[in-house]
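> following is a predicted model, sequence given first.
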Amino acid sequence: MSQSALARLVGCKQSALSMYEGGRETALSAQTVGKLCEELGLLPPSETELATAASTHVPEETGERVFCPNPECPSNLPARVGERVVLTPHTHVADEAERHCAWCGEVLERACPECGAPVNAGAFCVRCGTAYLAEAPNRADPARIAAAERLMAWSR
C-alpha cells in the first residue's frame, strides 16, 4: 500500500505520514496514530508508553523555527511538487531577539499562517498541510527551479 493511500484511509496528509515514518513523532496526532495502527493491524502505544516517550524526548533545537513570509525574498527557493511550483522557505531556528529576515528585512513568521502550528522544516505545515508561502509566478522559471533544487540537494 502506498503512503498516499494509507494517508487517505487514516485522514492525514501523505507528507505528515512520511515525516512520522521518518521519526518525527509529532507529525501525527495520537488519534491519527491510533487509526494508523488499526489499519495496519498493530497495537497502538499505551498512554504510559506515550508519556515515557514524551518525557525522554530531548529536543534537537533550542529556540523556535521561523521563516521569511515574503515570496520575493531570495532566501525562499522555488521547487517542483508534482506539477505545481511552490516556494520552500529557508526555515531556521531563531532566538527571541531575531525579528527580521537577514535577506530582505521582512518580519519573520513564527507559526503557520493558516492554523498557528509551530513552523517545521519544509514548504508545508505538518498539521494542516497548507503551503507556508504563496506561489510567486515570476520565480517559476524552469532554470531557476533547477538551480534551487541543485542548491537544496547540495545543502542536505
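Arrived safely. Numbering: from 1, shown residues only.
> next secondary structure element downstream of the helix or strand bottoming out on mean pLDDT in the chain?
When each helix and strand of the chain is scored by mean pLDDT, DSSP states H and E, helix 47-56 comes last, with a mean of 62. Next helix or strand after helix 47-56 toward the C-terminus (DSSP states H and E): strand 64-66.
> helices and strands around that next one, which ones?
Secondary-structure packing of strand 64-66 (3 or more CB pairs under 8 Å, 6 or more residues apart in numbering; DSSP states H and E): strand 92-94. No exception for glycine: its C-beta is placed from N, CA and C like everyone else's.
> could I get the full set of helices for the protein?
3-10, 14-21, 30-40, 47-56, 142-155 (DSSP state H).
> low-confidence bits of the chain, can you list those?
Along the chain, the model assigns pLDDT under 70 to residues 47, 49-62, 135-142, 144-146, 148-149, 151-156.
> quick check: buried residues in stretch 21-31?
Buried residues in stretch 21-31, counting neighbours by 16 or more other CB atoms under 10 Å, are found at 27-28.
> same question but for stretch 89-96, I mixed them up
The neighbour-count check on stretch 89-96 (16+ other CB under 10 Å) flags 89-92, 94 as buried.
> stretch 1-11 now?
Buried residues in stretch 1-11 (16+ other CB under 10 Å): 6-7, 10.
> got TSV for those residues, with distance to Gly129 too?
Formatted as TSV, those follow (distance: CB to CB, whole Å):
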residue	distance to Gly129
Leu6	16
Ala7	10
Val10	14
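> from those residues, which single one is nearest Ala131?
Ala7 (17.2 Å; CB to CB).
> I figured the closest one hits Lys13, correct?
Yes - contact criterion CB atoms under 8 Å: Ala7 and Lys13 qualify, at 6.1 Å.
> excluding its backbone neighbours, what's nearest Glu114?
Thr130 (4.0 Å; CB to CB, 6 or more residues apart in numbering).
> I should have written Glu21 there, sorry.
Using CB to CB, 6+ apart, the nearest residue to Glu21 is Gln3, at 7.4 Å.
> so the one you found sits right up against Gly22, yeah?
No - with contact defined as CB under 8 Å, Gln3 and Gly22 do not form a contacting pair (11.0 Å).
> no further queries at this time; thank you.
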